[in-house]
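Participant: Here you go, sequence then predicted model.
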Amino acid sequence: MGSQTRKASVPYNPFTGCPKEYKKRGAYTHKVSGRRIPALCILKKGDTQRSRSSSRSAPAAVAAPAKKCPAGYIYRKGYARKFRQSIRRKGYSVHRKNGRTYRIFPKKSNTVEVKSACVKVGEHIPQVELRRGQLQAHGYQYRQSEEFRRAALKKAAQQYTPAGVYKILRTAARMARKEKPVAAKVFTSDADWLRGEYAITSSLLKD
């Protein structure tokens, strides 16, 4: 078999095995489509590289340039999202920026194509133990005006430190996300303000 006529893969024969310079790749089930992929004989690594270098008819593959994302974001490739049977039956919740929560029921297809996008880099913020009324003792309530809330947060920061109050607000927002999405939005907004007001860095949040 000449190098110019080699194929990347040939059918696997269970009686004779694979030809020389080929190796067996076992059968498997495709995770997305669920289709059974039969066993094949594929070129060994060294032969694959030689075959590609000697072939002049096929154009060289050019890698697509990575999309540039703004600071604080990373590029996420597109992928196929697969839904379990229970998700298709019960649906799942989606929280919008306006504070409303919607119930989404996937269509009959068990997969959906998610497009590539720039996504915000997540930051791990340690959860803290919430004690009842620990911010209310300083006059903080999420239903109050922004002016009163932030004045109360400054008082609370004197007892718990700004980073401590930030962790409390982020933990409260995480816990209220499903039951009280409006409150969760206020907690997140106040936490972001607190971080900018006191220049809270990631190193302070690790303590």
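Facilitator: Received the coordinates, thanks. Residues are numbered from 1 along each chain as shown.

Participant: make it CA atoms for all contacts and neighbour counts henceforth
Facilitator: OK.

Participant: Please, where are all the strands along this protein?
Facilitator: Counting by DSSP state E, the segments of the chain that form strands are 9-11, 22-25, 28-29, 36-37, 40-43, 73-76, 79-82, 92-95, 101-104, 111-114, 117-120.

Participant: Go through those strands and find the least confident stretch.
Facilitator: The stretch with the lowest average pLDDT out of the strands of the chain is strand 92-95, scoring a mean of 70.

Participant: So for stretch 186-196, what gets flagged as buried?
Facilitator: By neighbour count on 16 or more other C-alpha atoms under 10 Å, the buried set for stretch 186-196 is V186, F187, T188, D190, A191, L194.

Participant: possible to save those as CSV with pLDDT and distance to F105?
Facilitator: Formatted as CSV, those follow (pLDDT from 0 to 100; distance: C-alpha to C-alpha, whole Å):
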residue, pLDDT, distance to F105
V186, 93, 28
F187, 93, 29
T188, 91, 28
D190, 93, 33
A191, 91, 32
L194, 90, 37
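
Participant: So in this structure, where's the weakest helix or strand by average pLDDT?
Facilitator: For the chain, scoring each helix and strand by mean pLDDT, DSSP states H and E identifies helix 45-54 as the least confident one, at a mean of 57.

Participant: if we can go back for a sec, out of the strands of the chain, which one sits most buried?
Facilitator: Each of those was assessed for mean neighbour count using mean count of other C-alpha atoms under 10 Å. The highest is strand 40-43, with a mean of 22.

Participant: Output the longest helix belonging to this protein.
Facilitator: Determined from DSSP state H, the single longest helix within the chain is helix 181-197.

Participant: Mind listing residues that contact that helix?
Facilitator: 95, 99-101, 142-143, 150, 153, 162-163, 165-166, 169-170, 172-177, 200-201 (C-alpha atoms under 8 Å, 6 or more residues apart in numbering).

Participant: make it 6 Å
Facilitator: For helix 181-197, contacts defined as C-alpha atoms under 6 Å, 6 or more residues apart in numbering pick out G99, Y166, L169, A173, A176, R177.

Participant: From these, which land in helices?
Facilitator: Among the contacts of helix 181-197, the ones falling in helices (DSSP H) are Y166, L169, A173, A176.

Participant: PyMOL command for the buried members of the residues you listed?
Facilitator: Typed into PyMOL, the line below selects the buried ones among the ones in helices among the contacts of helix 181-197, using 16+ other C-alpha under 10 Å:
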select buried, resi 166+169+173+176
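
Participant: distance of R103 from R89?
Facilitator: When distance is defined by C-alpha to C-alpha, to the nearest Å, R103 is 12 Å away from R89.

Participant: make that I168, sorry
Facilitator: In this structure, I168 lies at 36 Å from R89, with C-alpha to C-alpha as the measure.

Participant: Near the closest residue to M175 other than its chain neighbours, how many other residues are there?
Facilitator: Spatial nearest neighbour of M175, chain neighbours left out: A184 (7.9 Å); criterion: C-alpha to C-alpha, 6 or more residues apart in numbering. Here the neighbour count serves as a burial measure; for A184 (other C-alpha atoms under 10 Å) it reads 23.

Participant: Also P14?
Facilitator: Using other C-alpha under 10 Å, the number of residues around P14 comes to 8.

Participant: And for A71?
Facilitator: The criterion is other C-alpha under 10 Å. On that basis, A71 has 8 neighbouring residues.
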